[in-house]
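S.K.: How does the following fold in three dimensions:
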Amino acid sequence: MSATGHIKVPASLENLQAITDFIIAAASAAGFPQERKGDIELALEEAVTNVIKYSHPEIPGEIEVLFFSGGRQFRIEIRDSGDQFDITSLPDPELSLGVDERPVGGLGAYLIKKAADAITYRRSSGLNILTLIFNA
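M.R.: Residues are numbered from 1 along each chain as shown. Prediction:
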């Protein structure tokens with residue numbers, strides 16, 4: 001069974017739960033395995049939180065989250081018109097260092113990369129488009 005859908009809301013933390021609930025319900029309806037839903041939720045919450053906190057520093061914007069399911073794959077696209085930012089270009093944090101020794105930032109991007117099977121970024125028509133792919 002294949003399905004698609006989207007949710008578009010103001011980019012604010014108040015909408016994070018609605019986005020997460022929408023995507024997890026879609027993954028459930030598509031029959032995606034329960035053990036992968038935790039990975040989807042973790043990566044989605046980290047990515048959406050980054051957009052909300054950093055993509056629109058001065059003027060609040062909107063965020064659109066789309067899903068595409070089919071076969072053994074669930075794909076999420078997170079779109080926003082904020083500042084250009086390619087999360088895939090960030091280096092992995094140095095995890096061998098203690099918490100006090102590591103620079104602040106980068107751990108959320110690392111968690112997204114580890115939770116998803118594939119991650120891509122592109123900028124198109126003034127939009128940041130982050131794609132997260134999960135295989136069953």
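S.K.: Buried residues in the lowest-mean-pLDDT helix or strand in the chain, which are they?
M.R.: The helix or strand of the chain with the lowest confidence, counting by mean pLDDT, DSSP states H and E, is helix 107-115 at a mean of 89. Buried residues in helix 107-115, counted by 16 or more other C-beta atoms under 10 Å: 108, 109, 110, 111, 112, 113, 115. Backbone N, C-alpha and C define where each C-beta goes, glycine included.
S.K.: can you tell me which of these lies nearest to residue 7?
M.R.: Proximity of the buried residues of helix 107-115 to residue 7 (C-beta to C-beta) peaks at residue 112, which lies at 18.9 Å.
S.K.: what's the nearest residue to that closest one if we skip its chain neighbours?
M.R.: Nearest residue to residue 112, sequence neighbours excluded (C-beta to C-beta, 6 or more residues apart in numbering): residue 43, at 4.6 Å.
S.K.: Now do the same contact list for the one you found.
M.R.: The contact partners of residue 43, taken as C-beta atoms under 8 Å, 6 or more residues apart in numbering, are 76, 111, 112, 115, 116, 132, 134.
S.K.: Out of the residues you listed, which two sit at the greatest distance?
M.R.: 76 and 111 (14.9 Å).
S.K.: pLDDT at residue 1, what is it?
M.R.: Residue 1 is assigned a predicted lDDT (pLDDT) of 57.
S.K.: do residue 76 as well
M.R.: You'll see residue 76 listed with a pLDDT of 98.
S.K.: show me the contacts for it.
M.R.: Neighbours of residue 76 in contact, by C-beta under 8 Å, 6+ apart: 23, 40, 43, 44, 65, 66, 67, 131, 132, 133, 134.
S.K.: hmm, 7 Å instead?
M.R.: By C-beta atoms under 7 Å, 6 or more residues apart in numbering, the residues touching residue 76 are 23, 44, 65, 67, 132.
S.K.: any chance of those residues in TSV, plus neighbour count and distance to residue 34?
M.R.: Compiled in TSV, these are given as follows (neighbours: other C-beta atoms under 10 Å; distance: C-beta to C-beta, whole Å):
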residue	neighbour count	distance to residue 34
23	25	15
44	26	16
65	27	21
67	24	17
132	26	18
